[in-house]
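Student: return atomic coordinates for the entry below.
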Amino acid sequence: MSSTPIILWYRRDLRLSDHAALSAACETGRPVIPVVIRDKSIDALGAAPKWRWGLGVEHLAETLAGKGSRLIHRSGDALDVLQALIQETGAGAVYWSRLYDPAAVSRDTEVKSALKAQDIDARSFGGHLMFEPWTVETKTGGYYKVYTPFWNMVKGRDVDAPLGTPSDLPAPEAWPESEHIADWALDAAMNRGADVVRPFVQLGEQAAQSRLGAFMAHKVASYVAGRDIPGQDRTSNLSENLALGEISPHQCWHAGMRALNEGKHDAEVFLKELVWREFAYHLIHHTPRILDQNWKEGWDAFPWNTEDTAEVTAWKQGRTGIQFVDAAMREMYVTGRMHNRGRMIVASYLTKHLMSHWKIGQAWFDHCLIDWDPASNAMGWQWSAGSGPDATPYFRVFNPVTQLDKFDKNRDYVSRWIAEGRRNPHDDALKFFDAIPRHWNLSPDDTYPAPVVPADEGRKRALSAYENREF
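Tutor: Next comes the predicted model:
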């Protein structure tokens, strides 16, 4: 066993630095065989996250090649693939970084059990989170249901210092055969949208580190005032890289703490955002129903629309006639991401003004976001709908018109993303029409629509339904 190879199974941890499983494998001095597997969990991804994962995998393969290593690509059932690789290479161990959604936990539990039964050293490591979900408990031993007490519990905890990049990646004497990622056609569902979104992608570990460094140097000091202004680039934009593990939360946390210690007090709010992500995974671990069921009891009877009505179609197409909503949706189609203030507005409008189920929005974001994250997406939608974990009263209904006046006073955001009715539309506003499906048959020469549901009318309708709910 002392000289047999170790298979390193990459999933959503596409980096070399601060990678506990990789570091542990390299420290043994044994040959390391990095592997990526296209199993049913990858095939089930929506168009944008599947495409973005493929880009990340290709970049990781190039990085490993530059270190004298390789990334082996295989497709099929994860256990079957790993067992075949063990047979081909004589590997005595399989290492991987933990994931926390129910499907991944079930798969990984089966894999670990089966491999150990064959005397294979199967080990899982942390790295996707700063705090393993089962290590954060209330004083009575339960889990946290509200964010603020969760933050108060973890904010003083020690976060492991990031690990460095291994200096040497020992290679096996012979590499196993690898499939070609191009044959997987991970970009197929993106169609022409891939060419539109690609220039906005910041790909790989080095780009993620550059993003973090630039944010800490130039933006974090004014983060509180800037993070809600969608027309300006004043956030970290790290969600894309965190989602695929091109950067670790430990690295982000320690950079934020350094900034805080340097007197950049707004860095604490950035740290709170990192812990908000941790809270989402805390809940997905303890209450996995948050992914596909109303988190709060009694909400199954709420009269949400569950169909793709004409109003829902207008929401998806960025044609609601509500400028903040439409600008945010169009930003998503062009960049693959959406400003956080925009996410709150479009989610509130769908679930409150249009009275449509949060699952419709969750599924659409699953399809369209390159920074898709199962826990954050589910919690965000349920938070907006009122059915999720939130200390704020259920009757919070964002007014998308007054929100625009507050956070986009000069209409920088709207003018960047909405082309109709403008003599010289912004290039990004025009790119929207190149990104969307052709069968939508939309043109920048179209007349901008009147609101499908006006802000005041939608608010009254939502509040009436909430007040008369039968919980």
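
Student: only C-alpha atoms from now on, for both contacts and neighbour counts.
Tutor: OK.

Student: so residue 369 sits against residue 49, correct?
Tutor: Yes: Residue 369 lies in contact with residue 49 (C-alpha atoms under 8 Å); the separation is 6.1 Å.

Student: who's more crowded, the two?
Tutor: When residue 369 and residue 49 are compared on other C-alpha atoms under 10 Å, the one with more neighbours turns out to be residue 49, at 27 against 23.

Student: can you name the element that comes right after whatever helix or strand the more buried one lives in?
Tutor: When secondary structure is defined by DSSP states H and E, residue 49 falls within helix 47-66. Under the assignment DSSP H and E, the closest C-terminal helix or strand after helix 47-66 is strand 72-75.

Student: check which helices and strands that following strand is in contact with.
Tutor: Counting contacts by 3 or more C-alpha pairs under 8 Å, 6 or more residues apart in numbering; DSSP states H and E, strand 72-75 is packed against strand 32-38.

Student: can you list contacts of the strand it packs on?
Tutor: Counting by C-alpha atoms under 8 Å, 6 or more residues apart in numbering, the neighbours of strand 32-38 from elsewhere in the structure are 5-11, 25-26, 57, 69-76, 78, 81, 169-172, 175.

Student: what sits up against the next helix or strand after that strand?
Tutor: Elements were assigned by DSSP H and E; along the chain past strand 32-38, the next helix or strand is helix 40-43. Surrounding helix 40-43, the residues in contact under the criterion C-alpha under 8 Å, 6+ apart are 50, 76, 77, 103, 104.

Student: report pLDDT for the residue lying closest to the second one once chain neighbours are set aside.
Tutor: If the residues on either side of it in the chain are set aside, residue 76 comes closest to residue 39, at 5.0 Å by C-alpha to C-alpha, 6 or more residues apart in numbering. If you check residue 39, the pLDDT there is 98.

Student: neighbour-wise, which of the contacts of helix 40-43 leads?
Tutor: When the contacts of helix 40-43 are compared by neighbour count (other C-alpha under 10 Å), residue 50 ends up highest, at 27 neighbours.

Student: distance check, that one against residue 98.
Tutor: Residue 50 sits 19 Å away from residue 98 when distances are taken as C-alpha to C-alpha, to the nearest Å.

Student: likewise residue 291?
Tutor: Between residue 291 and residue 98 the distance is 18 Å, computed by C-alpha to C-alpha.

Student: same check, this time on residue 468
Tutor: Counting by C-alpha to C-alpha, the separation of residue 468 from residue 98 is 44 Å.

Student: the more surrounded of those two?
Tutor: When neighbours are counted by other C-alpha under 10 Å, residue 98 comes out ahead of the other of residue 468 and residue 98, with 21 against 10.

Student: the more buried one touches residue 130, doesn't it?
Tutor: No: look at residue 98 against residue 130 with C-alpha under 8 Å: they stay out of range, at 11.9 Å.

Student: pretty sure residue 31 sits against residue 8.
Tutor: No: because the distance of 10.2 Å does not satisfy C-alpha under 8 Å, residue 31 is recorded as not touching residue 8.

Student: nearest to residue 64, of the contacts of helix 40-43?
Tutor: For residue 64, the nearest member of these is residue 50. The distance, counting by C-alpha to C-alpha, is 21.0 Å.

Student: and that closest one, what does it touch?
Tutor: With contacts defined as C-alpha under 8 Å, 6+ apart, the neighbours of residue 50 are 42, 43, 186, 187.

Student: poorly predicted segments of the stretch 151-300 of the chain, please.
Tutor: Scanning the stretch 151-300 of the chain for pLDDT under 70 picks out no residues.

Student: for the protein, which segments are assigned as strands?
Tutor: Along the chain, counting by DSSP state E, strands occupy 6-10, 32-38, 72-75, 93-97, 121-125.

Student: shouldn't residue 47 be in contact with residue 185?
Tutor: No: here residue 47 lies out of contact with residue 185, judged by C-alpha under 8 Å, at a distance of 10.9 Å.

Student: ok, those two, which is more surrounded?
Tutor: Per other C-alpha under 10 Å, whichever of residue 47 and residue 185 has more neighbours is residue 47, with 22 against 12.
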